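only the shape, not the letters, is given here:
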Ligand SMILES: Cc1cc2nc3c(=O)[nH]c(=O)nc-3n(C[C@H](O)[C@H](O)[C@H](O)COP(=O)(O)OP(=O)(O)OC[C@H]3O[C@@H](n4cnc5c(N)ncnc54)[C@H](O)[C@@H]3O)c2cc1C
């Protein structure tokens, strides 16, 4: 396995076999003044226009959500990522991600906004003809028209290509007639433009741009949901809905390219929105823990609560490190493709596709960190966490959807591993060489080191070892099951968990290494604590995931050797995680907020 690092960006999925130079990653501490101004504007928007009206929003007060989107449009917030020629601001990807993070703390508003600017707008930006872009994008970027995306049907969710909605060309060749039913459509209640997927002649999966006023389109009632109650979610019905042929989006039979490619960016955005929500809930948790007294003490004085606060922060910090690491990789790739002559929108699409593995990892990790953070938030609030009059109730319910949409977390786990293996089979990713090297290493006498290590040497070695464990387990699975591996989902899930733990642990470590080189060790003691705690726990999780997979696919000597390898590759010098978490929590308790 290569331990050499280069300052050149790694390709998508390459983190599995290569290490990264800490100096080459982007860390949130490097956001520019302009980035921060945009973030402040987004926060101010929530404070002024969203937070005072959360109950009205959740009651689906007629016209309210649409008017909030109008306001966001007036301030230019809907057009941040749309090129200037279509009335947007053409800002870089990192700016769009940072704004999505901040707005991610906006509950249902954040979902409506993300659906509009993401799946509601991007298919047209990426796949539309010049005429389609000219007609729709300026209005979508100001919010004059609101967007939505109709892929899911009652009978087809994860298996999206099994959609039954049909499109048949009219006798005069001027229209497609759409017939069918779409389910769970975000923003449907007020959307003006629907990107709809239907089977042309029964089997050619194709995208269409459908306007609200087209004859034959109608809406179901609002769904009664567990959370994000203020987000409009309805069925959309098509009965001989007449769609002009000019409104075919992309090519006939190539709708899957739109449906799947759009999701890569959607997944990264979902993760960063979850990050914003997590930070907000963490701050609320610290604040509450500082004010709530029991046994004559603020509950933040209790170790059990400190542990929770610190663990919220550590997972958030790791997730943030991974999200902006990937964002920067996407942005760099986008620049590279633009320099090679691609227009901005095509370049971003290609860049996100390159890092599709990482986007799937972010989606799973981000949504699960948010779920963890809100769950502990409820616990810190105790009985008040269970009261609809306190903020944790809404946060807890609103969080849960994130593991379901933009591809369920099961589908994303499967996808992440599948994409890595497919890239290896196509020769884009050399898994074989490093996997063989790991096998050889397993037969050799372990290197016990010389007892002394430089700063981060031990941690970097742990990350390299985690990758060896992954290669060992995944390599064994590939050899054992070959073409039937796809059926061994329990094993694939564990391999995905290993890859996720590696990516997150490596990302937090890279960030802290870079930060230390910028600010000095003394300034980064708490961040080092966070990285070490995360890494220590990630190694234990990796061991368990690996063990589950190994025990399912091997026995006898092979099993013993693999388990021994796993133990060897998930070892690190002991970390006093209790003390480290106490230090992290103390800082937050003093500051009264999430402060990293
Ligand atoms: C509030 C909300 C808003 C939404 N907004 C939109 C929208 O705007 N536009 C849109 O098109 N869709 C939208 N969706 C739909 C959403 O994307 C789907 O619900 C999601 O993709 C899952 O599909 P499903 O609900 O049919 O579940 P299913 O696909 O039936 O999955 C059920 C369970 O089985 C698992 N599963 C399914 N297939 C496999 C497999 N091959 N291997 C292992 N496990 C599997 C899933 O992970 C899940 O746990 C929304 C959904 C909700 C609830």
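Great, that's in hand. Only a predicted model underlies this, so the values are computations on that prediction, with no experimental measurement involved.

please make it C-alpha for all contacts and neighbour counts, starting now.
Noted.

lowest average confidence across helices and strands of this protein, where is it?
Here the helix or strand of the chain ranked lowest by mean pLDDT, DSSP states H and E is strand 5-6, holding a mean of 54.

next up, the contacts around residue 465.
Contact partners of residue 465, counting by Cα atoms under 8 Å, 6 or more residues apart in numbering, are 569, 570.

that one: which element?
helix 457-481 (DSSP states H and E).

after that helix comes which helix or strand?
The C-terminal neighbour of helix 457-481 among helices and strands, as given by DSSP H and E, is helix 489-519.

elements contacting that next one?
helix 303-339, helix 356-381, helix 409-425, helix 457-481, helix 525-553 (3 or more Cα pairs under 8 Å, 6 or more residues apart in numbering; DSSP states H and E).

centre of the chain versus that helix, how much separation?
When C-alpha coordinates are averaged (Cα atoms, centre = their mean, to the nearest Å), helix 489-519 and its chain have centres 14 Å apart.

wondering if the helix or strand encompassing residue 107 reaches the ligand at all.
In this assignment (DSSP H and E), residue 107 forms part of helix 107-117. No: shown here: helix 107-117 not in contact with the ligand (Cα under 6 Å from any ligand atom), separated by at least 6.6 Å.

which stretches of this structure have low pLDDT?
1-7, 448-452 (pLDDT under 70).

follow-up on the earlier one: what sits up against the helix holding residue 107?
By Cα under 8 Å, 6+ apart, the list of residues contacting helix 107-117 from outside reads 50, 57-58, 65, 69, 78-79, 100, 103-104, 140-141, 146-149, 186-187, 228-232, 269, 273, 277, 395, 398.

quick one: closest of the helices and strands packed on helix 489-519 to the ligand.
helix 409-425 (4.5 Å; Cα to the nearest ligand atom).

just checking, what packs against that closest one?
With contacts defined as 3+ Cα pairs under 8 Å, 6+ apart, the packing partners of helix 409-425 are helix 356-381, helix 489-519.

and the angle for the helix or strand following it with helix 409-425?
Of the helices and strands lying after helix 409-425 in sequence (DSSP H and E), the nearest is helix 432-443. Angular relation of helix 432-443 and helix 409-425 on a 0 to 180 degree scale: 100 degrees, by axes from the mean of the first three to the mean of the last three Cα atoms, to 10 degrees.

any idea of the angle helix 432-443 forms with helix 457-481?
Going by the same axes, to 10 degrees, helix 432-443 makes 110 degrees with helix 457-481.

hang on, the earlier thing: okay, the helices and strands packed on helix 409-425, which one's buried deepest?
Stretch with highest mean neighbour count among the helices and strands packed on helix 409-425: helix 356-381 (a mean of 26; mean count of other Cα atoms under 10 Å).

quick one on the thing from earlier: could you dump the helices and strands packed on helix 489-519 to JSON lines with distance to the ligand?
As requested, the helices and strands packed on helix 489-519 are arranged in JSON lines below (distance: least, Cα to the nearest ligand atom, whole Å):
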{"stretch": "helix 303-339", "distance to the ligand": "22"}
{"stretch": "helix 356-381", "distance to the ligand": "12"}
{"stretch": "helix 409-425", "distance to the ligand": "5"}
{"stretch": "helix 457-481", "distance to the ligand": "17"}
{"stretch": "helix 525-553", "distance to the ligand": "17"}
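
and those helices, which is most packed in?
For those, ranked by mean neighbour count under the definition mean count of other Cα under 10 Å, the leader is helix 356-381 at a mean of 26.

before we move on, the earlier item: how about residues contacting the next helix-or-strand element following the helix holding residue 107?
Using DSSP H and E, the helix or strand that follows helix 107-117 in sequence is helix 122-127. Under the criterion Cα under 8 Å, 6+ apart, residues 82, 132-133, 136-137, 195, 249-250, 258, 262, 345-346, 349 lie in contact with helix 122-127.

out of the helices and strands packed on helix 489-519, nearest to residue 436?
If you check each of those against residue 436 by Cα to Cα, helix 457-481 wins as the nearest, at 8.7 Å.

next one: the closest one to chain centre, how far?
On the basis of Cα atoms, centre = their mean, helix 457-481 sits 24 Å off its chain's mean C-alpha point.

relative to helix 525-553, how tilted is that helix?
Between the direction of helix 457-481 and that of helix 525-553, the angle (the same axes, to 10 degrees) works out to 20 degrees.

please name the nearest non-neighbouring residue to residue 176.
If you skip the residues right next to it in sequence, residue 176 has residue 169 as its closest partner in space, 4.4 Å away by Cα to Cα, 6 or more residues apart in numbering.

now do the phi/psi pair for the one you found.
phi -70, psi 140 (degrees, to the nearest 10).

and it, what does it touch?
Contacts for residue 169 were tallied using Cα under 8 Å, 6+ apart; they are 175, 176, 177.

could these be laid out in CSV, adding neighbour count and secondary structure?
Below are those laid out as CSV (neighbours: other Cα atoms under 10 Å; DSSP: H, G, I helix; E, B strand; the rest coil):
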residue, neighbour count, secondary structure
175, 19, strand
176, 23, strand
177, 20, strand
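
out of the residues you listed, who's nearest residue 462?
Nearest to residue 462 among these is residue 176, at 57.5 Å by Cα to Cα.

list the contacts for that closest one?
If you count contacts by Cα under 8 Å, 6+ apart, residue 176 has them with 167, 168, 169, 170, 241, 242, 243, 244, 245.

let's see if you can find the most crowded of the residues you listed.
Counting neighbours by other Cα atoms under 10 Å, residue 167 leads these with 28 neighbours.

ok, residue 500 touching residue 363?
No: look at residue 500 against residue 363 with Cα atoms under 8 Å: they stay out of range, at 10.3 Å.

residue 221: how many residues sit nearby?
Residue 221 is flanked by 12 other residues according to other Cα under 10 Å.

what about it, which helix or strand?
Assigned by DSSP H and E, residue 221 belongs to strand 217-222.
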